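A.B. asks: Generate a structure from the sequence data that follows.
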Amino acid sequence: MKQFFKKNKKSLILIGVILLLSGGATAYLIGNSAEVEKPEEEKEARLVETEILKYSPYPLQIEGHGFVQSSRSLVLSAQTGGQAVYCHEDLKSGTAVSEGDLLIKLDDELTINNLALARVQLIQATASLLSAMKSESSGTIYQRWNSYLTVLNTDTEKIPALPPVQSEREKILTSTYGVLSAYYQVRELENLLSYHHIRAPFSGHLEGDGIRLYSFVSPGQSLLTLTDTEHLEVSVPLTREELLLLDELESPVTIYPAGMKEYTLPGRITRRDAVMDRSSQTIMVHIRFDNPERQALFMPGNYVDISVSGKTVPHAYAIPRALINADQTVNVYREGKLEFQPVTILARQGDKVILAPTLPEGTEIVITRLQKTFAGMALRKPGETDEAETPETDSEEQD
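C.D. replies: Residues are numbered from 1 along each chain as shown. As a prediction, the model looks like this:
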């Protein structure tokens, strides 16, 4: 053993020196880190601004977004065929029309001739019926049908309705002499004639490539799309929580183009879907509004924002969303220290959060955003000094 120490004396001394130096360096580093990393309680009190909590009635607003669409749009098709002898401004896309305007007229000469011939046949059948009724004992039947014959002619716009058939005998006679078949033939041709005149069922704007004058139109051919640009609708997805905030289905709505609140139109909720979308967990709410001036900012296809007036919460407090901690607490100032108080959120309104009255009034809410917070952290308000706020910390250090 002695020989080992003699042979390795220098090496052992070197190892000892290295260990002593390492231990000293470690102790030095630990001591310096302890000085650098002082307890948070020993750091300077943070300057914060506070707000006294006071509850008041708060009208809730539900915000949403959607695209404007027409409340009604109709594709007009031809119910009969023929040559187009009139086209309203060539039915070009963007043409404004009013309800009842004649849009297309198809050549109806052949139908007019067939209708006049059918009316003549009805007159002949009615006259033959009257000849057979002269022998009837009751003169009232003859008088009714004679009065009907006097109003029949070949150029009336619409044929008058047949006299009521009051007996089996009268039914047999009208059928035998062809009055009923002639009458319904006239009615059918009258309807066919009306199909040659296509009118606008409501006011709006035309969409499509148009129909050329004198071109041939086939039965069932799609002619144009008529879109109502005055009575509009916007569909907005709302969550279940937002729907619960609505005071009623007819809640008033304000509609404005995205980012342009100076232009607004009033609207109303008319209906909502009965099935929730599985992926987004929202229900589509449909809002109707009118654009009588046909402002371009509200034409179908525009992206708009909506604001719906909801319920008024009698006791609530609004706070910026950024002041709510991840664990749903708020920062509270109490006697120069920071406290975390849990809150109940009623609704989220844009960048604000509406709190239920769970905290007592008079609580000082810290409205300054803080980083790396902890319970008991020293705080001071404007006008206060660090010494006034941290006497306990100083006494603890002396102890």
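
A.B. asks: Look at Leu14 and tell me its secondary structure.
C.D. replies: helix (DSSP: H, G, I helix; E, B strand; the rest coil).

A.B. asks: Name the residues that touch the helix or strand harbouring Leu226?
C.D. replies: Following DSSP states H and E, one finds Leu226 within strand 222-227. Residues lying outside strand 222-227 but in contact with it, judged by Cβ atoms under 8 Å, 6 or more residues apart in numbering, are 70, 72-78, 91, 97, 103-104, 198, 200-202, 204-208, 210-211, 217, 300. (Each C-beta comes from the backbone N, C-alpha and C, glycine too.)

A.B. asks: how does it look with 10 Å?
C.D. replies: Residues outside strand 222-227 that contact it (Cβ atoms under 10 Å, 6 or more residues apart in numbering): 69-78, 84, 87-88, 91-93, 95, 97, 103-104, 198, 200-211, 217, 299-300.

A.B. asks: Quick one: mean pLDDT for that strand?
C.D. replies: Averaging pLDDT along strand 222-227 yields 91.

A.B. asks: so what strands line up beside the next helix or strand after that strand?
C.D. replies: Using DSSP H and E, the helix or strand that directly follows strand 222-227 along the chain is strand 231-238. Each strand that pairs with strand 231-238, with its direction, by DSSP bridges: strand 56-70 (antiparallel), strand 283-290 (antiparallel).

A.B. asks: buried residues in strand 231-238?
C.D. replies: When burial is assessed from 16 or more other Cβ atoms under 10 Å, strand 231-238 yields the following buried residues: 231-234, 236-238.

A.B. asks: And the residue nearest to Leu206 when sequence neighbours are not counted, how close does it get to Glu364?
C.D. replies: Distances taken as Cβ to Cβ, 6 or more residues apart in numbering put Thr95 closest to Leu206, at 4.5 Å, once the chain neighbours are dropped. Summarising the geometry, the distance separating Thr95 from Glu364, computed by Cβ to Cβ, to the nearest Å, is 66 Å.

A.B. asks: Dihedrals phi and psi, the residue nearest to Leu206?
C.D. replies: Taking degrees, to the nearest 10, you get phi -70, psi 130 for the backbone angles of Thr95.

A.B. asks: May I have stretch 258-274 exported as PDB, CA atoms only?
C.D. replies: Taking only C-alpha atoms (Å, rounded to 0.1, in the frame of the first residue of the first chain), the coordinates of stretch 258-274 have been written out as PDB:
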ATOM      1  CA  ALA A 258     -68.000  43.400 -43.600                       C
ATOM      2  CA  GLY A 259     -65.900  46.200 -42.000                       C
ATOM      3  CA  MET A 260     -68.400  49.000 -43.000                       C
ATOM      4  CA  LYS A 261     -70.600  49.600 -40.000                       C
ATOM      5  CA  GLU A 262     -71.700  53.000 -41.400                       C
ATOM      6  CA  TYR A 263     -73.900  51.200 -43.900                       C
ATOM      7  CA  THR A 264     -76.700  49.200 -42.200                       C
ATOM      8  CA  LEU A 265     -80.000  47.700 -43.000                       C
ATOM      9  CA  PRO A 266     -82.500  46.200 -40.500                       C
ATOM     10  CA  GLY A 267     -83.500  42.600 -40.600                       C
ATOM     11  CA  ARG A 268     -85.300  39.900 -38.700                       C
ATOM     12  CA  ILE A 269     -84.900  36.200 -38.000                       C
ATOM     13  CA  THR A 270     -87.600  34.300 -39.800                       C
ATOM     14  CA  ARG A 271     -86.700  30.700 -39.200                       C
ATOM     15  CA  ARG A 272     -83.900  28.400 -38.200                       C
ATOM     16  CA  ASP A 273     -82.900  24.800 -39.200                       C
ATOM     17  CA  ALA A 274     -84.100  22.000 -37.100                       C
END
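
A.B. asks: what's the model's confidence in it, averaged?
C.D. replies: Averaged over stretch 258-274, pLDDT sits at 88.

A.B. asks: just to revisit the earlier point, right, and the residue nearest to Leu206 touches His88 too?
C.D. replies: Yes: contact criterion Cβ atoms under 10 Å: Thr95 and His88 qualify, at 7.0 Å.

A.B. asks: so what sits against both of these two?
C.D. replies: Common neighbours of Thr95 and His88 are listed as 101, 103, 206, 210, 224 (criterion: Cβ under 10 Å, 6+ apart).

A.B. asks: Could you check the pLDDT of the residue lying closest to Ile104 once chain neighbours are set aside?
C.D. replies: For Ile104, the nearest residue in space outside its immediate sequence neighbours is Ile198; the separation is 4.3 Å by Cβ to Cβ, 6+ apart. On the pLDDT scale, Ile198 is placed at 93.
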